[in-house]
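> take this sequence and fold it.
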Amino acid sequence: MSRILHRTGACWTRTIVPAANVLLKLFGSGCSMRWQGIRSRSLVPEPVETKSVDRRWVLAAVASMVGLLAGGFAMSLRDAPESLNDGGLFAEDYLRRAVAEARITSSDIGEVSRFLTRELGRPIQPLRLAGLRLTSAEICLIEGRRGAMIQYVQDGREIAHYLIPRDGTQPRDPEPASAWSAAPAGVGPALITWATPEIEQALVGDVPVDHLIELAKNASL
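Numbers count the residues shown, from 1 in each chain. Model prediction:
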């Protein structure tokens with residue numbers, strides 16, 4: 001049985017900072033990433049239920065606030081460190097928390113596909129590979145756009161798949177993320193990116209990078 005929940009600030013907890021920074025460079029400064037560590041946390045956490053919010057109203061209200069936040073905080077924090085003086089950081093966090101996003105916990109590929117297609121307004125299919133078990137999916141907010149983060153487990157290890165709709169995106173073969181591939185071996189999760197028409201994609205997981213590339217190449221999307 002699946003659970004579809006609305007909660008505030010989806011995709012912002014349990015973040016691995018280095019991998020998140022790479023996704024920020026790849027997909028934009030508004031990227032909000034959630035990576036769940038299997039060594040210290042359960043594979044399927046229980047999200048906190050909150051009252052559902054009309055997303056269209058919230059997005060319109062938040063969009064009007066982002067510019068004010070970015071400018072206002074920058075003016076008031078002239079003597080603060082550069083990372084805090086950038087009002088965009090505060091606007092990003094406000095945006096994450098203000099928008100009630102959705103999450104589904106299910107191993108049914110058809111059910112998850114229908115959920116994502118309904119939420120994003122375009123056909124979205126989870127990966128279909130032997131040994132790759134679907135566990136959940138949720139919506140991320142990136143540069144004002146909505147994207148999907150789908151989670152799987154394979155051989156006890158969690159793998160996250162990001163799909164970010166972006167107009168004009170051209171197909172691109174899977175490859176290690178350039179900014180992340182220089183990291184020492186064993187430091188943080190492996191990260192690869194690729195693209196299909198109109199969709200930027202990434203796989204992140206505590207597995208060898210070659211394994212992620214193989215998953216991306218062989219997956220039925």
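
> number of nearby residues for G110?
Counted with other C-beta atoms under 10 Å, residues neighbouring G110 total 10. C-beta here means a position set from N, CA and C on the backbone, and glycine is covered the same way.

> tabulate the CA atom coordinates of whichever helix or strand it is part of in PDB.
According to DSSP states H and E, G110 maps onto helix 109-120. Taking Å, rounded to 0.1, in the frame of the first residue of the first chain, the C-alpha atoms of helix 109-120 are listed here in PDB:
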ATOM      1  CA  ILE A 109       6.300   1.400 -10.900                       C
ATOM      2  CA  GLY A 110       2.900   2.100 -12.500                       C
ATOM      3  CA  GLU A 111       1.600   4.000  -9.500                       C
ATOM      4  CA  VAL A 112       4.800   6.100  -9.100                       C
ATOM      5  CA  SER A 113       4.700   6.900 -12.800                       C
ATOM      6  CA  ARG A 114       1.100   8.100 -12.600                       C
ATOM      7  CA  PHE A 115       2.000  10.200  -9.600                       C
ATOM      8  CA  LEU A 116       5.000  11.900 -11.200                       C
ATOM      9  CA  THR A 117       3.200  12.300 -14.600                       C
ATOM     10  CA  ARG A 118       0.300  14.000 -12.800                       C
ATOM     11  CA  GLU A 119       2.600  16.200 -10.700                       C
ATOM     12  CA  LEU A 120       5.000  17.300 -13.500                       C
END
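
> and the next helix or strand after it, average pLDDT?
Going down the chain from helix 109-120, the next helix or strand is strand 133-142, by DSSP H and E. Computed over strand 133-142, the mean pLDDT rounds to 88.
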